[in-house]
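>>> Coordinates only, no sequence provided:
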């Protein structure tokens, strides 16, 4: 299991693997390299085909997280983003990233 100190929370592991960040507003202290290693282990261990990032409560993300998502796309994994804030949606739109990922609004991603 992933240590809580990294703030990456696994809600579901399997073909669709859902991870979140505990509702932190700004993901400025996230170690992207550690997240990448942890997510790669989940993909390998569970045969994940979809990585879903629950961004509920998150207002700002580091650019490295976009790079992480892009690297997973290059590995032929489908990327979904749940509940992005208007600020994050704007970043996705400006970077055309919204054309590469699936954005979903969900009421409750943890059940």
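It's in. These figures come from a predicted structure and were not determined experimentally. Residues are numbered from 1 along each chain as shown.
>>> Around residue 21, how many other residues sit close by?
Neighbour count of residue 21, defined by other C-beta atoms under 10 Å: 22. Just so you know, the C-beta spots here come from the backbone N, C-alpha and C atoms, and that holds for glycine as well.
>>> quick one: it from residue 88, how far?
Residue 21 is 12 Å from residue 88, where distance means C-beta to C-beta, to the nearest Å.
>>> Looking at this protein, which helix is longest?
Assignment by DSSP state H gives helix 32-46 as the longest helix of the chain.
>>> Okay, now the sheet partners of the helix or strand that that helix is followed by, with direction.
Going down the chain from helix 32-46, the next helix or strand is strand 50-54, by DSSP states H and E. Taking DSSP bridges as the criterion, strand 50-54 forms sheet pairs with strand 16-20 (parallel), strand 78-82 (parallel).
>>> Of all the residues in the last one, which ones are buried?
When you say that, I think you mean strand 78-82. Across strand 78-82, burial judged by 16 or more other C-beta atoms under 10 Å covers 79-82.
>>> Rebuild those as TSV, extending it with distance to residue 104 and pLDDT.
Formatted as TSV, the buried residues of strand 78-82 follow (distance: C-beta to C-beta, whole Å; pLDDT from 0 to 100):
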residue	distance to residue 104	pLDDT
79	11	97
80	6	97
81	7	97
82	5	96
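>>> Residue 46 contacts residue 12, doesn't it?
No. Counting by C-beta atoms under 8 Å, residue 46 stays clear of residue 12, with 9.3 Å between them.
>>> Just list what the longest helix of the chain packs against, helices and strands only.
Secondary-structure packing of helix 32-46 (3 or more C-beta pairs under 8 Å, 6 or more residues apart in numbering; DSSP states H and E): strand 16-20, helix 63-74.
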